[in-house]
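Colleague: here is a sequence together with a model predicted from it:
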Amino acid sequence: MRIELEVNGQRRTIDADPMRTLLSVLHDELLLTGTKYGCGEAQCGACTVMVDGAAVRSCHVEFGTLGGASVTTIEGLETNGKLHPVQQSFIDEGAMQCGFCTAGMIMSAVALLKSNPSPNASAIVQAMNGNVCRCGTYPRVVAAIQRAARTNAIGERGAEAAP
């Protein structure tokens with residue numbers, strides 16, 4: 001089945017079995033391997049991408065349901081060689097160790113900040129619930145998201161508004 005969708009800002013027509021998962025199509029057809037396979041049960045968050053701006057577990061999304069959708073993967077966040085503020089904040093806060101969960105964490109955080117640009121720590125914890133980090137970097141993940149929220153706020157208001 002041929003399905004048209006937008007992937008990381010580019011219109012694509014992909015011929016694949018509609019019952020395949022979005023994750024398998026991203027990996028096998030588009031060679032976008034930044035999104036990771038974790039549990040295969042939509043419980044760990046490693047496979048999180050954004051579909052039409054919302055965080056979804058790509059291991060449980062059937063490719064055939066995506067006609068016309070906009071999909072953003074970790075590879076689609078950087079712009080002109082510059083990391084997305086959430087990606088940079090994860091680096092700045094050391095919010096990764098082995099890195100396996102990082103792409104899913106970042107995608108969930110970006111979706112959160114799109115819907116709530118200034119979340120408090122409680123809102124961050126609630127939004128990130130279900131993104132599992134075996135290394136236990138959760139406090140640094142929260143700090144990274146808070147940093148990204150501040151960076152976005154400063155960037156939108158201009159440097160003169162920075163504290």
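Modeller: That came through, no problem.
Colleague: any low-confidence regions in this structure?
Modeller: Residues of the chain that meet the criterion pLDDT under 70 lie in 153-163.
Colleague: look up how far G99 lies from the nearest residue to T65 once chain neighbours are set aside.
Modeller: Using Cβ to Cβ, 6 or more residues apart in numbering and skipping the chain neighbours, the partner closest in space to T65 is P18 (7.8 Å). (Glycine included, C-beta is placed from N, CA and C.) P18 sits at a distance of 32 Å from G99 (criterion: Cβ to Cβ, to the nearest Å).
Colleague: ok, now L23?
Modeller: If you go by Cβ to Cβ, the gap between L23 and G99 works out to 18 Å.
Colleague: repeat that for E6.
Modeller: In this view, E6 and G99 are 27 Å apart by Cβ to Cβ.
Colleague: settle it for me: which of L23 and G99 has more neighbours?
Modeller: Applying other Cβ atoms under 10 Å to L23 and G99 shows that L23 carries more neighbours, namely 25 against 11.
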